[in-house]
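Asks: Below: sequence and its predicted model.
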Amino acid sequence: MEQHRPGKQSPGEQSNAKHSDSRNEGEGNKTAAREYDEAQRRFIDSGKVDEKAREAERALKTQRRELERAEAIGKSHESKEDPEISRKY
């Protein structure tokens, strides 16, 4: 079995280097944050912000009840205390 030497990648590290797009960056994924920021910048630069804001305003006027219902459903799923904490065995 070959020993790992400084400056030389192990086979697993070589594999990860080939697939760097799939590596887990953990909490605070910088790649995803950068891609999101770039997408937002492209959207702003596209000149469609005002158009999309008007679309959202129209949706609020015509779909208010449906949107409020969806919001209520989402809020009903809020975390509650774990029932196992106070369970009597």
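Replies: Yes, it's here.
Asks: Now do the strands in this protein.
Replies: In chain order, the chain shows no strands, with DSSP state E as the criterion.
Asks: Quick check, central residue of this structure?
Replies: A32 (7.8 Å; CA atoms, centre = their mean).
Asks: If you drop the residues flanking it in sequence, what lies closest to it?
Replies: Spatially, and ignoring its direct neighbours in sequence, A32 is nearest to E25 (7.7 Å; CB to CB, 6 or more residues apart in numbering). To be clear about C-beta, it is placed using only N, CA and C from the backbone, and glycine gets the same treatment.
Asks: my read: that neighbour touches T31, true?
Replies: Yes - taking contacts as CB atoms under 8 Å, E25 lies within contact range of T31: 6.1 Å.
Asks: list residues touching both of the two?
Replies: Here E25 and T31 share no contacting residue, scored by CB atoms under 8 Å, 6 or more residues apart in numbering.
Asks: quick one on the thing from earlier: do you know how far the residue nearest to the centre of the chain is from R64?
Replies: 33 Å (CB to CB, to the nearest Å).
Asks: Kindly provide the whole-number mean pLDDT of stretch 63-70.
Replies: The average pLDDT for stretch 63-70 rounds to 92.
Asks: swap in stretch 46-54?
Replies: For stretch 46-54, the mean pLDDT works out to 96.
Asks: buried ones in it?
Replies: Judged by neighbour count (16 or more other CB atoms under 10 Å), stretch 46-54 contains no buried residues.
Asks: Outside of it itself, list whatever touches it.
Replies: F43.
Asks: Please export the C-alpha coordinates of it as PDB.
Replies: Taking Å, rounded to 0.1, in the frame of the first residue of the first chain, the C-alpha atoms of stretch 46-54 are listed here in PDB:
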ATOM      1  CA  SER A  46     -31.900  42.500 -18.000                       C
ATOM      2  CA  GLY A  47     -34.200  45.500 -17.300                       C
ATOM      3  CA  LYS A  48     -37.200  43.300 -16.300                       C
ATOM      4  CA  VAL A  49     -37.400  44.300 -12.700                       C
ATOM      5  CA  ASP A  50     -40.200  46.800 -13.100                       C
ATOM      6  CA  GLU A  51     -42.200  44.400 -15.400                       C
ATOM      7  CA  LYS A  52     -41.900  41.600 -12.800                       C
ATOM      8  CA  ALA A  53     -42.900  44.000 -10.000                       C
ATOM      9  CA  ARG A  54     -46.100  44.900 -11.900                       C
END
